[in-house]
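>>> need a 3D model of the following:
(chains A and B)
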Amino acid sequence: MHRVAVLKFPGTNGDYDVLRALGLAGLRGELVWHRDYKSGLYDAVILPGGFSYGDYLRAGAVAAQTPAVEHVRRDAERGVPVLGICNGFQILTEAGLLPGALAPNEPPGFISKWIRVRINDVKTPFTHLYEPGEVVYMPIAHAEGRYVPSGSYSAAAKYVESPNGSFDDVAGVARSNVLGLMPHPERAVDRDVSRGGTGGLKLWLSLKEWLKR
Amino acid sequence: MGLTQQELVLIKSSLGREPTGAELAFFTSHWSEHCSYKSTRRWLRRLPGRAPWVVRGRGTDAPLVEVERGLYVSFKIESHNHPSAVDPYNGAATGVGGIIRDILTVGAVPVALLVNLHFGPPDDPHARWIMDNVVRGIADYGNRVGVPVVGGETWFDEDFTYTPIVLATCVGVVERDAVPPGGVEPGDLIVVAGLGADRSGLGGSAFASKVLEGGEDPGAVQVADPLTGKKLIDAVREARRCVKYIKDLGGGGLATALAELAHWFFLGVEFHLDKLHLRDSSMAPEELLVSETQERLIFVVAPDKLPCLLSALEKYELPYSVPGRFVEGGRVRAFWRGVAVVDVPVELADGAPDIEWPRKAYEPPPLPDIPEPPLDKAIDVVLSSPNVASKERIYMRFDFDVGVRTAVKPGEGGAAVLKLYEYGQLGLVVKGDANPRYAYLNPRLGAANAFVKAYRNVAVTGGVPLAAVDSINVGSPERPHVYWQFVEAVEGLREAAEALEVPIVGGKVSLYNEYGGRPVKPTVAVVVLGKIADVSKANKAVWRLGDKIFLWGVTKAEVGGSEYLKRVHGVVAGAPPSVDYGAEREIVGVIQSWLGRISGATDVGLGGLAAALAKMAVNSGVGAEVDVCKAPSETSRLDFLLFSESNGRFLAAGEEGPGVQIGEAHGDELVLRCGGSVLYRRGVEDLKSIMRL
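As a prediction, this is how the structure comes out:
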């Protein structure tokens, strides 16, 4: 059985949602408290959404400075698939594991909305089962999701209609085995609670297939 | 307002001496109206709270309702009106935090929040300032702790411009074996966890027990820290099986917590105030007793289980101290550097004497003769009323999907539906309703209306109602007509709960909601919780292209207190709609028998048939042609037919459906006819913009 870590910081709140989504794809996630996270133990790691350390500073900025994220960096360099969702994405950019930054929305304010997202990069461990350009419905729920690039980047996913002023409608960014997404794929896996299909499920199935390789 | 002369005399004679400064602070806080319910509890005792599925009822921090063998749901409502008037951001945020902590006391995982908000008109700058900050406060707290705001209601009325009524309800889920079992014994330890005490919210309960006069000290408003709130949620999830009891350290601070703990367990309490962890080390013992510093919980734990609790607290880096323990004998004793500064018998500590105020009934203004206006214009006016309009502008600020349980989301249906994955397709259906105009015109019938409206919303969405909580918000009880309003409201709730067989398992009373010498319209909110066996069958307020549209129930000439009367004629008068409990109960069975066989359904209420049809058209993005004169009715006036707010009605859509077919869904326009004459015609996109807040 593969070991998939679901990394939890103080203020992480999407941890159980990710565990449930992994379960639906037939993977067993392990909830790992940030102080307990060590590199070399896991086959994949997910940084769920939430408000790590309350996001009282810039979103993700404090968590990015923790030893856990250093261990994630080491794992990422060894090729371990790493996914940051929402606040997890913010942590990955703050830590420099992904390029660019996530700035306050334009117009400003927290926004909760189901939205169409186009999957552009289908070579990542989390997206290889999608068709290139496939459009999926996922919810966003963030106040700081406006992507601002610095240098080159690979737009793994784009909004069909940008809700937050993101540069070039970027919704997600990939760097080889590391993926960051502002939309929530773990919230689009169950027909009963999804507003538009279960398009998030393929992401978790992609990871499962990838780990079999 | 401090202690009354009579209360002081009682305290002195019971103690046989002058109370100390700390004791005075203790009694002033815990005997405040906010904490002691001294003006209201004699009436609240009349509310029915029992049923075979009610495991724990009123009077505790949080109730327990069994929804499935071994699975309990807890839910409770809190008002934060005074704080929200003075500091709307923190006032609302701490209201949310406080009600979440109440739910934590039974070891539950909080899964949803509902907010029932009452503001002044959205075009008033002060009302706008309060609204924007209340919404931001709720969003910043709820979003950060990861508990979704899934529903509620927003209401606008001039009365609430300076005195908002801000109600938050939390719903939690807990397996039977994870509920802290109680059974507290002498020797058990009292652990305080969370933020160190400071001067924020000092005397907040006494502050909430009087009329605001302007120039209030914002220091009486508590300050929110959602990160610590979230850590408490996580710590409870890990520690709940090793503690005996959990208590929120909220309104009234330590004074209230210690008095209630001692009283519930009929034990003495010893508490060392100098051992309490602090953020402000300059605080005096009497301040520590009544500080309402937020984000704190009390855990009662047997000494041998202390390490289990502390490991969870330390993991989440939660500050804590172990300043007290239970002892034999019935005294609440608080020490400061070895000296007893509070030493009172338990019965006295938690024994604020009842107060009964004089009552005086009033008659509402009678319904005047109203001319029939041009109907197409009247429909637009009612649909564009902020009370009827879509509240998307508000709920888009809330993370209503976190937890991934929200099967019927804000704006989608009459009630919110939450999936309980642990139990397959089982779900909760929950809705909170209030109508201050109705409650002003007739407090008893108004309260009953709030109850049946929440009940019917739950029923029409597909839930079987199980239990309710209530919140009564009025002005000063010292005004005879206000105290009468309160007592009448309780009577209305009692009547409804009994007739519907839905026990009231918790509630909150907020008094002294006044501004400029005027009490607000009584605001009686009822939140009804139900269950649905299969969430995939829940009804949203939608129809599909080609559906037939059905109306259940009879439309009566009931426009008293209606949105129509207020918006179109500028009148608040007449009697609220009558209530037929039998008819409401019948709807539960009718909907259950149609579950899964109709495309959608929605309650008919505020704004009448016209508003319900427009809402379904907008939600579906599909138009309809409806002959309103096919609706079974007891009125010949078309404006009454369109806008009457009669109870006992709902709309349904499908190939077949319950009730009388009145139309069909097609096209991209909503067309309302009476026989051959067209009363109203508007594109769905147009409707959407009319109904935007």
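>>> so for stretch B:625-633, what gets flagged as buried?
B:E625, B:V626, B:D627, B:V628, B:C629, B:K630, B:A631, B:S633 (16 or more other CB atoms under 10 Å in any protein chain shown). For the C-beta atoms, the positions are set from N, CA and C on the backbone; glycine is no exception.
>>> how about these in a markdown table, adding distance to chain A?
Formatted as a markdown table, the buried residues of stretch B:625-633 follow (distance: CB to the nearest CB, whole Å):
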| residue | distance to chain A |
| --- | --- |
| B:E625 | 28 |
| B:V626 | 27 |
| B:D627 | 32 |
| B:V628 | 31 |
| B:C629 | 36 |
| B:K630 | 33 |
| B:A631 | 32 |
| B:S633 | 36 |
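>>> count of neighbours near the residue lying closest to A:A143 once chain neighbours are set aside?
Excluding the flanking residues, the one nearest A:A143 by CB to CB, 6 or more residues apart in numbering or on different chains is A:F110, at 4.2 Å. When neighbours are defined as other CB atoms under 10 Å in any protein chain shown, A:F110 has 19 of them.
>>> repeat for B:E422
10.
>>> for residue 34, grab the count of nearby residues.
Just so you know, I chose chain A. A:H34 has 19 neighbouring residues, counting by other CB under 10 Å.
>>> nope, chain B
Residues near B:H34, counting by other CB under 10 Å: 25.
>>> who's in contact with A:F110?
Contacts here follow CB atoms under 8 Å, 6 or more residues apart in numbering or on different chains; on that basis A:F110 touches A:A141, A:H142, A:A143, B:A139, B:D140, B:N143, B:R397, B:F398, B:D399.
>>> not counting sequence-adjacent ones, nearest residue to B:D61?
Spatially, and ignoring its direct neighbours in sequence, B:D61 is nearest to B:T105 (4.1 Å; CB to CB, 6+ apart).
>>> what separation is there between the one you found and B:L348?
25 Å (CB to CB, to the nearest Å).
>>> neighbour count winner among the two?
Between B:T105 and B:L348, counting by other CB under 10 Å, B:T105 is the more crowded of the two (24 against 19).
>>> wait, B:A139 sits on B:F400?
No. Using CB atoms under 8 Å, B:A139 makes no contact with B:F400, being 10.4 Å away.
>>> what sits in contact with each of these two?
Joint contacts of B:A139 and B:F400 (CB under 8 Å, 6+ apart) are B:V149.
>>> from B:R331, how far off is B:L693?
55 Å.
>>> those two: which is more packed in?
Comparing B:L693 with B:R331 by neighbour count (other CB under 10 Å), the higher total belongs to B:R331, at 19 against 16.
>>> what sits against that one?
With contacts defined as CB under 8 Å, 6+ apart, B:R331 is in contact with B:G268, B:V269, B:D343, B:V344, B:P345, B:V346.
>>> list the contacts for the first one?
Read it as B:G268. Applying CB under 8 Å, 6+ apart, the residues near B:G268 are B:P186, B:A262, B:F326, B:V327, B:E328, B:G329, B:G330, B:R331, B:V332, B:R333, B:V346.
>>> switch to 10 Å and redo it
The contact partners of B:G268, taken as CB atoms under 10 Å, 6 or more residues apart in numbering or on different chains, are B:186, B:262, B:325-333, B:345-346.
>>> okay, the residues you listed in a markdown table with pLDDT next?
As requested, the contacts of B:G268 are exported to a markdown table (pLDDT from 0 to 100):
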| residue | pLDDT |
| --- | --- |
| B:P186 | 98 |
| B:A262 | 94 |
| B:R325 | 97 |
| B:F326 | 98 |
| B:V327 | 97 |
| B:E328 | 95 |
| B:G329 | 90 |
| B:G330 | 90 |
| B:R331 | 95 |
| B:V332 | 96 |
| B:R333 | 97 |
| B:P345 | 95 |
| B:V346 | 93 |
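>>> which among these end up buried?
Of the contacts of B:G268, these count as buried by 16+ other CB under 10 Å: B:A262, B:R325, B:F326, B:V327, B:G330, B:R331, B:V332, B:R333, B:P345, B:V346.
>>> what's the neighbour count on the residue of the stretch 1-150 of chain B found nearest chain A?
Closest residue of the stretch 1-150 of chain B to chain A, CB to the nearest CB: B:G146 (2.5 Å). The number of residues packed near B:G146 is 25, by other CB under 10 Å.
>>> now do the one 10 residues further on
By other CB under 10 Å, the residues close to B:F156 number 22.
>>> now swap in B:V135 and tell me
B:V135 has 27 neighbours, counted by other CB under 10 Å.
>>> please report how far it lies from A:P163.
For B:V135, the distance to A:P163 - CB to CB - is 18 Å.
>>> correct me if wrong: B:P285 contacts B:F335.
Yes. With contact defined as CB atoms under 10 Å, B:P285 counts as touching B:F335 (8.6 Å).
>>> what touches both of the two?
B:A22, B:L273, B:D274, B:V341, B:V342.
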